[in-house]
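[1] Take this sequence and fold it.
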Amino acid sequence: MKVRTLASPSALLGLSMVNFLFLVWLLAGRAGAVVLAAVMVQAALGLLLYNRFSARVKEGDEASRQAEHYIQCVADLSLDVQSIISATHQSYLYMNSAVEKVLGYKAEAFIEGGLEFFYGIVHPDDLPQVRRDLERMMGMKPHAPGAGDEEFIQEEIYRVRTRWNDYRWFRSRRLVFLRDENGSPREILAVARDITEQRGFEIALVQAQEFESLGTLARRLAHDLSNILMGIQGYTELGLEKREDPRSLAGSLAKIRESADRASAICRQMLAFSGRGRLQLTRHHFNEALREGLPLVESLLPENVQLVLDLEQDLPQVNADPNQMRYALLNLVVNAMEAIGTREGEISIHTCFKQLAGGGDPAAPGLLGDYVCLEVRDNGPGMTEETLAGLDDPFFRLKHPGRGLGMLTVKGIADEHRGFLGTESVPGRGTVCRLYIPVAVQEPLADEGDEATPIQADTGVVLLVDDEPTIRAILRQGFENAGYKVIEAVDGVDGFGAFVRHRSSISVVLLDLTMPRMNGDEVFAEIHKVAPEVPVILMSGYSQSEATQALADKGLAAFLSKPCSIKTALAAVHKALRETVQEAR
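    This next block holds a predicted model:
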């Protein structure tokens with residue numbers, strides 16, 4: 001119930017003033033009439049000023065209440081999660097109602113649980129960075145209150161688990177909202193926006209523009225394959241015409257094989273571009289690998305970008321996958337090209353030898369030893385430190401998301417080769433990326449079935465399971481010429497049935513991964529249950545890591561990357577049989 005008052009403060013003050021004036025009149029008498037009149041005028045003016053001041057105070061209080069109500073309404077209507085964090089107690093002082101709409105949690109859950117509750121729902125992959133950033137902001141160096149400097153705005157992207165057990169992407173911005181008398185952070189204001197849908201659009205854009213890049217690549221590769229096929233067709237016709245001349249026929253067959261090797265290399269480039277290439281380390285000259293990839297790089301460059309080559313002569317050899325090196329070059333050049341955009345620009349490709357002493361080169365901190373360095377430099381707009389810090393983001397692109405596979409992939413190539421990827425950039429002066437690959441100190445381990453491996457004369461029964469008739473026919477003839485007996489199967493179901501029927505006589509199984517009715521990994525699992533001692537070799541056109549991911553540590557004898565030669569397949573079979581005999585002893 002509202003309490004009512006008989007008189008306002010101004011009325012009481014007026015009544016007191018009248019009593020005071022009456023007292024003065026009694027004391028002063030008629031002689032003090034002039035003084036009394038002056039006092040009365042002053043009193044009246046005082047009352048007017050007081051009433052006006054009181055009204056202004058009421059107006060100020062009402063405006064303050066309205067402003068607070070407005071701010072609260074804005075916070076409640078916003079879909080951004082707004083909060084105030086106590087830097088001293090690591091707790092939430094305020095959280096708006098948007099958190100319940102977006103995440104399903106009530107604001108009280110954050111206020112009662114503090115930062116530990118927040119840390120508990122951040123994605124485990126993002127948690128270390130989120131925790132470091134918050135602790136860094138809460139522990140910022142003090143500065144004098146009222147110094148007039150703008151507060152640093154901290155921005156990051158992370159995922160948070162909702163009450164419905166799915167993860168949402170958020171972009172958060174924070175600043176020091178209030179400092180204590182020493183200038184240390186006391187309260188932190190944070191605003192987090194749900195960007196899950198935007199992230200989905202980014203992914204779709206990445207995929208769409210990757211298709212565009214693949215289309216450009218496909219046109220170039222289709223041109224190269226057409227030339228190769230024309231060569232194969234021509235040498236086949238010449239071989240048939242000169243089949244009675246052994247020397248001429250052998251020459252035609254050698255050219256056909258050379259063309260097939262080139263086609264195989266193109267297939268590996270396509271797998272490398274899709275991220276599914278098999279890492280094949282060979283000892284080779286770095287510059288030669290890059291020169292083979294230059295035609296594709298040049299075909300992607302627009303007319304406004306000039307390419308400058310500066311390849312150091314007599315570089316030491318490296319143990320590396322030539323296709324991965326070419327792909328790393330392609331990716332770095334495409335990123336540089338997009339950074340330049342539509343203005344006139346230049347991209348330089350430089351290779352050199354580096355002797356690093358574990359920190360002597362600031363561009364490659366911590367590296368020790370001899371390296372070959374690939375340097376790609378552009379004169380584009382350059383990048384800020386904040387942009388450089390985002391290079392590890394899978395969605396990082398200098399300009400158009402999706403072109404190339406990102407700096408993260410090049411970093412992965414460097415890591416696979418025990419190398420290093422370094423990037424330097426200055427706004428307005430361009431960017432330079434350096435890929436360091438260790439110099440070969442010894443011959444790499446030969447891939448199973450190196451071409452120098454002679455065909456082994458051996459005995460045994462090979463179960464050959466593949467849905468491609470041409471592959472079965474070629475491998476069957478090669479195995480039979482080497483002394484093996486071959487049982488063919490046209491798919492996974494047929495293959496497992498053949499294994500059950502001929503279990504006692506089968507020495508080794510050669511199994512394709514992708515087949516109708518029953519895939520190779522399923523056939524392997526069933527064979528392993530029945531006869532784990534029988535070696536199984538898996539074949540696939542995909543990378544070894546991808547093809548054998550489900551079969552890791554399951555007893556797979558070997559892996560063959562398609563396309564492969566007959567010698568490669570024979571070497572793999574011979575090695576698997578030899579190891580089986582040694583284990584039996």
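[2] Give the buried residues for the one helix or strand G422 maps to.
    Taking DSSP states H and E as the criterion, the element that holds G422 is strand 420-426. Buried residues in strand 420-426, counted by 16 or more other Cβ atoms under 10 Å: F420, L421, G422, T423, E424, S425. For every residue, glycine as well, the C-beta is placed using N, CA and C.
[3] Correct me if wrong: the fifth one contacts T431.
    Yes. Proximity of E424 to T431 meets the contact threshold set by Cβ atoms under 8 Å, at 7.1 Å.
[4] quick revisit: so which of the buried residues of strand 420-426 is the closest to R199?
    Distance to R199 across the buried residues of strand 420-426 (Cβ to Cβ) is lowest for T423, with 24.1 Å.
[5] check contacts around that closest one.
    Contact analysis of T423 by Cβ atoms under 8 Å, 6 or more residues apart in numbering lists L388, L391, M407, T431, V432, C433, R434.
[6] what about the stretch 351-500 of the chain, any weak spots by pLDDT?
    The stretch 351-500 of the chain contains residues with pLDDT under 70 at 358-366, 389-406, 442-458.
[7] now the stretch 51-200 of the chain
    63, 67-72, 74-76, 143-149.
[8] in it, which spans are strands?
    81-86, 91-95, 154-161, 167-179, 185-194 (DSSP state E, counting those that start in this stretch).
[9] most packed of these?
    strand 81-86 (a mean of 21; mean count of other Cβ atoms under 10 Å).
[10] In terms of secondary structure, what does that strand contact?
    Where contact means 3 or more Cβ pairs under 8 Å, 6 or more residues apart in numbering; DSSP states H and E, strand 81-86 is packed against strand 91-95, helix 98-103, strand 185-194.
[11] Dump those into JSON lines; add distance to G555 as well.
    Shown next, in JSON lines, are the helices and strands packed on strand 81-86 (distance: least, Cβ to Cβ, whole Å):
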{"stretch": "strand 91-95", "distance to G555": "53"}
{"stretch": "helix 98-103", "distance to G555": "46"}
{"stretch": "strand 185-194", "distance to G555": "47"}
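[12] quick one, which of the ones you listed is nearest to A569?
    Going by Cβ to Cβ, the one of the helices and strands packed on strand 81-86 nearest A569 is strand 185-194, 53.5 Å.
[13] Packing partners of the closest one?
    Looks like strand 185-194 contacts strand 81-86, helix 127-138, strand 167-179 (3+ Cβ pairs under 8 Å, 6+ apart).
[14] Check which strands are paired with that strand and give the direction for each one.
    Sheet pairing of strand 185-194 (DSSP bridges) gives strand 81-86 (antiparallel), strand 167-179 (antiparallel).
[15] could you check the angle strand 154-161 makes with the shortest one?
    Put plainly, it is strand 81-86. Relative orientation of strand 81-86 and strand 154-161, computed by axes from the mean of the first three to the mean of the last three Cα atoms, to 10 degrees: 110 degrees.
[16] and if you look at the last one?
    Compare the direction of strand 167-179 with that of strand 154-161 by the same axes, to 10 degrees and you get 140 degrees.
[17] C-alpha coordinates for strand 167-179, PDB please?
    The C-alpha trace of strand 167-179 is given here as PDB (Å, rounded to 0.1, in the frame of the first residue of the first chain):
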ATOM      1  CA  TYR A 167      27.500 -26.900 -30.700                       C
ATOM      2  CA  ARG A 168      27.000 -23.400 -31.900                       C
ATOM      3  CA  TRP A 169      29.700 -21.000 -33.300                       C
ATOM      4  CA  PHE A 170      30.200 -17.700 -31.600                       C
ATOM      5  CA  ARG A 171      32.200 -14.600 -32.300                       C
ATOM      6  CA  SER A 172      33.000 -12.800 -29.000                       C
ATOM      7  CA  ARG A 173      34.300  -9.300 -28.400                       C
ATOM      8  CA  ARG A 174      35.600  -8.200 -25.000                       C
ATOM      9  CA  LEU A 175      37.000  -5.100 -23.400                       C
ATOM     10  CA  VAL A 176      37.900  -3.800 -19.900                       C
ATOM     11  CA  PHE A 177      34.700  -2.100 -18.800                       C
ATOM     12  CA  LEU A 178      35.900  -0.900 -15.400                       C
ATOM     13  CA  ARG A 179      39.200  -0.500 -13.700                       C
END
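[18] which residues sit against it?
    Taking Cβ under 8 Å, 6+ apart as the rule, strand 167-179 contacts 81, 84, 87, 102-103, 123, 133-134, 137, 140, 142-143, 145, 151-162, 185-196, 198-199.
[19] Could you list the alpha-carbon positions for the strand holding G422 in PDB?
    Output of strand 420-426 as PDB, limited to C-alpha atoms (Å, rounded to 0.1, in the frame of the first residue of the first chain):
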ATOM      1  CA  PHE A 420      58.400 -25.800 -41.500                       C
ATOM      2  CA  LEU A 421      56.200 -23.200 -43.000                       C
ATOM      3  CA  GLY A 422      56.900 -19.600 -42.100                       C
ATOM      4  CA  THR A 423      55.000 -16.400 -43.100                       C
ATOM      5  CA  GLU A 424      56.000 -12.800 -42.800                       C
ATOM      6  CA  SER A 425      53.900  -9.800 -43.900                       C
ATOM      7  CA  VAL A 426      53.800  -6.000 -43.500                       C
END
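[20] the strands in the stretch 401-550 of the chain, which residues?
    Under DSSP E, counting those that start in this stretch, the stretch 401-550 of the chain gives strands at 420-426, 430-438, 461-465, 485-489, 508-512, 536-540.
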